[in-house]
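J.: Quick check, what structure comes out for this input:
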Amino acid sequence: MELDLLFTFHFVIFLWIFFRADSFDIAEKIIYQIIFDMNFNFAFVFFENRIFWIILVITGFLISFLPEKFNKKMQISFVKSPYLIKAFIFLIIVQLVIQFQSKDVQPFIYFQF
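T.: Have a look, this model is predicted:
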């Protein structure tokens, strides 16, 4: 099951190239660069400056592989938790949304078609 999820994720990410590129020629150049001309010089700078994002992505990835039994236990313990804890978690989520929101309005992706 996880293999299907992994394949679907990468297939969708690959197709996003065509949505974000201005033309098929640019999409073709992007795909060529990814396959044959990848430059990893920026990787160390990226990892140094975005360590929180990397930890967040890895955590989300690992959470997706938790067993269903564990998810049910977490759900039940959240439902049984006091309202103060639920309010605290809600405030943390709201704060994360505010922190990660983009300053620019992103155009609807299908407008370019």
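
J.: Return the distance of residue 31 relative to residue 14.
T.: Between residue 31 and residue 14 the computed distance is 8 Å (C-beta to C-beta, to the nearest Å). Every C-beta, even on glycine, is put in place using the N, C-alpha and C of the backbone.

J.: For the two, work out which one has more neighbours and name it.
T.: Set residue 31 next to residue 14 and count neighbours by other C-beta atoms under 10 Å: residue 31 wins out with 14 against 11.

J.: tell me the average confidence for the helix or strand where the more buried one lies?
T.: Assigned by DSSP states H and E, residue 31 belongs to helix 24-36. Mean per-residue pLDDT for helix 24-36: 91.

J.: And for that helix, what's in contact with it?
T.: 17-18, 21 (C-beta atoms under 8 Å, 6 or more residues apart in numbering).

J.: among those, who's most crowded?
T.: Counting neighbours by other C-beta under 10 Å, the top entry in these is residue 21, with 16 neighbours.

J.: what about the residue lying closest to it once chain neighbours are set aside, how many neighbours?
T.: In space, and not counting its chain neighbours, residue 21 is closest to residue 27: 3.8 Å by C-beta to C-beta, 6 or more residues apart in numbering. Residues near residue 27, counting by other C-beta under 10 Å, number 16.
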